[in-house]
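>>> Structure for the following, please:
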Amino acid sequence: MIRIDADFDYTNALVEGWNRKLRSVRIASFIISILLVVCALLCAFFPVQSAGVMGALAAILILALGVYQLIDYFCAPPFLREAGGLVSSVLNLLIGVLLLASPTEATLSTFAFLLGGLMLVFGINKLSFSSKLGYFGVSGYGWVVVSGVLNLLAALSFLLLPLFSALVLNYLVAGYLLVGGVTLFIEAIAMRDLKVR
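Numbers count the residues shown, from 1 in each chain. Purely as a prediction, here's the structure:
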């Protein structure tokens, strides 16, 4: 259990920590989001040709996102760590490994539920984080709410869409990459130095 220190200024610790790493996080977010959207478009427009290559590349990007989330979780101050961030990173790592290990032609309906579960956890985590930002009096966190809602909508579509073939999996991965890339790009654009009200 984390003890609350009444003399410690948690709001300024959050603001100073965020503002210190803002530039590197923003650049990394732009690069990863553009790569995710490019992979999504290639998966959608060249489903047969890209099934193997794009599947492997998508799996590597999902693995990289999982590693990034894991590092970000452990680098965050303990009072800002979200269990959803840890679960999201583990699920991304699991999905990446499963995508690399699975044959393209196999029926993989399990991925629909894994991706849907991941997006659900990620969306809930974003909404929870936005409530913390509001509690600490940080302004301009609407982009976190929008990202959370988009992730929840994507989760519903993935959980309701049954997966019957590798071709459908290809479009499902394209949708997952597109939603992830767009939300990450929106977050990167909206990132600003935090200011306390």
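
>>> Now do the contacts for Tyr73.
Tyr73 sits next to Arg81, Glu82, Gly85, Leu86, Ser89 when contact means Cβ atoms under 8 Å, 6 or more residues apart in numbering. Using the backbone N, CA and C atoms, a C-beta is placed for each residue, glycine as well.

>>> cool, and Leu41?
Ala174, Leu178.

>>> That one and Val146, how far apart?
22 Å (Cβ to Cβ, to the nearest Å).

>>> re earlier: among the contacts of Tyr73, name the buried ones.
Glu82, Gly85, Leu86, Ser89 (16 or more other Cβ atoms under 10 Å).

>>> Save those residues as a markdown table, and put in distance to Leu98 too.
Below are these laid out as a markdown table (distance: Cβ to Cβ, whole Å):
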| residue | distance to Leu98 |
| --- | --- |
| Glu82 | 24 |
| Gly85 | 20 |
| Leu86 | 19 |
| Ser89 | 15 |
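
>>> which of those lies closest to Phe45?
Ser89 (29.7 Å; Cβ to Cβ).

>>> Which element, helix or strand, includes that closest one?
Here Ser89 sits within helix 83-101, counting by DSSP states H and E.

>>> what does that helix rub up against?
Against helix 83-101 from outside (Cβ under 8 Å, 6+ apart): 55-56, 58-60, 62-63, 65-70, 72-73, 76, 110-111, 114-115, 117-118, 121-122, 124-125, 128, 173.

>>> how about whichever helix or strand comes after it: buried residues?
Downstream of helix 83-101, the next assigned helix or strand under DSSP H and E is helix 109-135. Neighbour counts over helix 109-135 (16+ other Cβ under 10 Å) mark 111-112, 114-127, 129-130, 133 as buried.

>>> One more: stretch 177-194?
So, applying 16+ other Cβ under 10 Å, buried residues of stretch 177-194: 177-188, 191, 194.

>>> In the chain, where is pLDDT below threshold?
For the chain, the stretches with pLDDT under 70 are 1-5, 48-55, 103-112, 114, 161-169, 194, 196-197.

>>> Please enumerate the helices of it.
10-45, 47-75, 83-101, 109-135, 142-160, 166-190 (DSSP state H).

>>> What helices and strands are in contact with the last one?
I take that to be helix 166-190. Judged by 3 or more Cβ pairs under 8 Å, 6 or more residues apart in numbering; DSSP states H and E, helix 166-190 is in contact with helix 10-45, helix 47-75, helix 109-135, helix 142-160.

>>> mind putting these in JSON lines, distance to Ala101 included?
Compiled in JSON lines, the helices and strands packed on helix 166-190 are given as follows (distance: least, Cβ to Cβ, whole Å):
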{"stretch": "helix 10-45", "distance to Ala101": "18"}
{"stretch": "helix 47-75", "distance to Ala101": "9"}
{"stretch": "helix 109-135", "distance to Ala101": "12"}
{"stretch": "helix 142-160", "distance to Ala101": "20"}
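
>>> Need the winner for burial among the ones you listed.
Across those, averaging neighbours per residue (mean count of other Cβ atoms under 10 Å) puts helix 109-135 on top, at a mean of 19.
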